[in-house]
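[1] what follows is a predicted protein model with its sequence.
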Protein chains: 2
Amino acid sequence: MLTLYYAPGTCALASHLALEYAGASYGAVRLDFKQQQQRSPEYLRVNPKGRVPALVTERGTLSENPAILLYIAQTFPAAQLAPLDDPFLLAKMNEFNSYLASTVHVNHAHKGRGYRWVDPQDTTAIEAMKKRVPQTMAESFALIEEQMFRGPWVLGERFSTSDLYLYTLARWLEGDEVDVKRFPKVADQMARLDAAPQVRKVLAAQQA
Amino acid sequence: MLTLYYAPGTCALASHLALEYAGASYGAVRLDFKQQQQRSPEYLRVNPKGRVPALVTERGTLSENPAILLYIAQTFPAAQLAPLDDPFLLAKMNEFNSYLASTVHVNHAHKGRGYRWVDPQDTTAIEAMKKRVPQTMAESFALIEEQMFRGPWVLGERFSTSDLYLYTLARWLEGDEVDVKRFPKVADQMARLDAAPQVRKVLAAQQA
C-alpha cells in the first residue's frame, strides 16, 4: 500500500496523477497548508523537509517529484509511464522532469515563497521577486514549447510522467499571468489532459 | 564517444566525476563563462539552455545533472554508480540528487545569479538575496547531515552518484561562508573524495 501526502494546488498533483495512471492501490492524505500542517511534528516525521509530495512506501518515504515519478513508473511497468527499455529516452524524461523541478517550479515559487531566499521581513525584495514571475515563467515555457516538447507528448509518440508533471505546472500559468495559448503545443497537451478521466478523477478527489 | 561541456567551479563537476568513475571514454570541453561562451550561438545549438553540464551522446544531448548521472550509471553498469537492482534505493538516490538540484543549487545560485529572479537592474534586491545564502546553505546541509546522509556514503554502504554530486556542491560551502566542519558526516565524505585519484585527476584536468 502506498500513501501520498499532498496539498491542493501544489506540484504533488504530478505524483498523484502518476499513481492514478499507474493503476496503483494508494491512499491520499490532504494537508492543509493554511493551517501549516506541513510543518506539524507529525508530518515532519513523515517528511523532514516539510513539503509535498511525500510517498510513503513499505520501505520508507520518498520525496521530490522526479524521483517519485520514476519510482512509480518502475513499480508499475505495465502502465508504461516511462521508456524503461531505452536509457537515453529515459534520460530525456528525467532531464525534462529535472528542468521542471529546478527551474520552472523555482521560478513560480518566487511569487509566493520569496521569503525562502531573502530576509522574510524584507517585503521590498519579496515584492521585486513576485513581479518578475510572469517573465521567468513565460521564458521557461517558451523554451519548453520551442526546444523540448516533441509532440504530441513531451517525449514524442510516447506518453510519460513528463506529461503529467508538465500539466501540473502549466496549471499555474494563469495565476502567474501567462497565457498558455502563447504555447500551442503545451496548450493542446493541456486540453487533452484536462479531458482525461484519470485527471478529472484526481482533481475531483483533491477538491472534494 | 561522449563529450561533456563544463566550466570550472560549476555543478558540471558532478557529471565529469561520474564519467571518470564510470571508466567511460569521453572528451571534456571547457567553456569560459567570463567570455559568456555558454551564450554563444555555437553552444546554444548544443544546449539551448545555455548552461552546463551538457553531455553529447550519439543519440543527442543530455542536460541536468540528475538525468546525466543516472544515464551514466545505466550506461556503465559495471562501475556500480547507482543501485540499479533496487528501485526503492534508486529512488532515494534520485530524491537526493533532485534535492541538490532544485533546493541546494538554487540556494547557492542566489549569491551570484540573483538577476534571474528579479529585474537585473534591481541591485538592492540582488544584494538582499546574496546576504541570505550562508543561512539557506547551512540549513540545507544541516538537513542533509541529520536526515539524509546515512554514512559512510549518502545511501549507506553503497557508493553512488549522490556522493559525487554532494561533493561537488559541498565545495561551494567555503565561498558561501559556511564551515563544512559543522556537518561531520559530510566533511568526512568530502575529505575521502578529496583524496580519491579519480577526483584529483578530474580537478587537475579542469584547472589545467
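    Yep, that arrived. All values reported here derive from a predicted model rather than from experimental measurement.
[2] could you measure from A:Leu143 over to chain B?
    Distance of A:Leu143 to chain B, computed by C-beta to the nearest C-beta, to the nearest Å: 6 Å. (Each C-beta comes from the backbone N, C-alpha and C, glycine too.)
[3] domains in chain A, by residue range?
    Following automatic domain parsing, chain A resolves into domains at A:2-80+A:200-207, A:87-196.
[4] tell me how many other residues surround A:Ala54.
    If you count neighbours by other C-beta atoms under 10 Å in any protein chain shown, A:Ala54 ends up with 25.
[5] wait, doesn't it sit right on A:Asn47?
    Yes: applying C-beta atoms under 8 Å, one finds A:Ala54 in contact with A:Asn47, separated by 3.9 Å.
[6] for chain A, longest helix please?
    In chain A, taking DSSP state H as the definition, the longest helix is helix A:123-143.
[7] which residues sit against that helix?
    Residues outside helix A:123-143 that contact it (C-beta atoms under 8 Å, 6 or more residues apart in numbering or on different chains): A:99, A:103-104, A:107-108, A:110-112, A:114-115, A:117-120, A:170, A:172-173, A:176-178, A:180, A:182-183, A:186, B:48-49, B:116-119, B:122, B:124-125, B:128-129.
[8] what does stretch A:17-30 give?
    Residues from elsewhere that reach stretch A:17-30 (C-beta under 8 Å, 6+ apart): A:1-8, A:16, A:68-69, A:72-73, A:75-76, A:78-79, A:81, A:161, A:164, A:167-168, A:198-199, A:201-202, A:205-206.
[9] start to end distance for stretch A:78-98?
    24 Å (C-alpha to C-alpha, to the nearest Å).
[10] what about it, distance to the chain center?
    How far stretch A:78-98 lies from its chain's middle: 16 Å, per C-alpha atoms, centre = their mean, to the nearest Å.
[11] which positions in that stretch come out as buried?
    For stretch A:78-98, the neighbour count (16 or more other C-beta atoms under 10 Å in any protein chain shown) marks A:79, A:81-83, A:87, A:89-98 as buried.
[12] among those, which are within reach of chain B?
    A:87, A:90-92, A:94-95, A:97-98 (C-beta under 8 Å from any C-beta of the partner chain).
[13] between the residues you listed, which is nearest A:Gln35?
    Checking those against A:Gln35 by C-beta to C-beta gives A:Asn97 as the nearest, at 29.7 Å.
[14] where's that closest one, which helix or strand?
    If you go by DSSP states H and E, A:Asn97 is part of helix A:87-99.
[15] angle of the following helix or strand past that helix against helix A:123-143?
    Downstream of helix A:87-99, the first helix or strand assigned by DSSP H and E is helix A:105-112. Per axes from the mean of the first three to the mean of the last three C-alpha atoms, to 10 degrees, the angle that helix A:105-112 makes with helix A:123-143 is 150 degrees.
[16] neighbouring contacts of helix A:105-112?
    Helix A:105-112 is touched from outside by A:11, A:116-117, A:129-130, A:132-133, A:136-137, A:140, A:169, A:172, A:175-176, B:102, B:106, B:117, with contacts defined as C-beta under 8 Å, 6+ apart.
[17] let's see 7 Å
    Helix A:105-112 is contacted from outside by A:11, A:129-130, A:132-133, A:136-137, A:140, A:169, A:172, A:176, B:102, B:106, B:117, using C-beta atoms under 7 Å, 6 or more residues apart in numbering or on different chains.
[18] for ChimeraX, write the select line for the buried members of the contacts of helix A:123-143.
    Selection of buried members from the contacts of helix A:123-143 for ChimeraX, criterion 16+ other C-beta under 10 Å:
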select /A:99,103,104,107,108,110,111,114,117,118,170,172,173,176,178,180,183,186 /B:49,116,117,118,122,125,128,129
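[19] chain B contacts on chain A?
    A:48-49, A:57, A:59, A:62-64, A:66-67, A:70-71, A:74-75, A:87-88, A:91, A:94-95, A:98-99, A:101-102, A:105-106, A:110, A:117-119, A:122, A:125, A:128-129, A:132, A:136, A:143, A:147 (C-beta under 7 Å from any C-beta of the partner chain).
[20] what packs against the helix holding A:Asn97?
    Helix A:87-99 sits against helix A:65-75, helix A:161-170, strand B:60-63, helix B:65-75, with contacts defined as 3 or more C-beta pairs under 7 Å, 6 or more residues apart in numbering or on different chains; DSSP states H and E.
[21] the shortest one and chain A in contact?
    Going back to what we said before, that points to strand B:60-63. Yes: using C-beta under 7 Å from any C-beta, strand B:60-63 reaches chain A at B:62-63.
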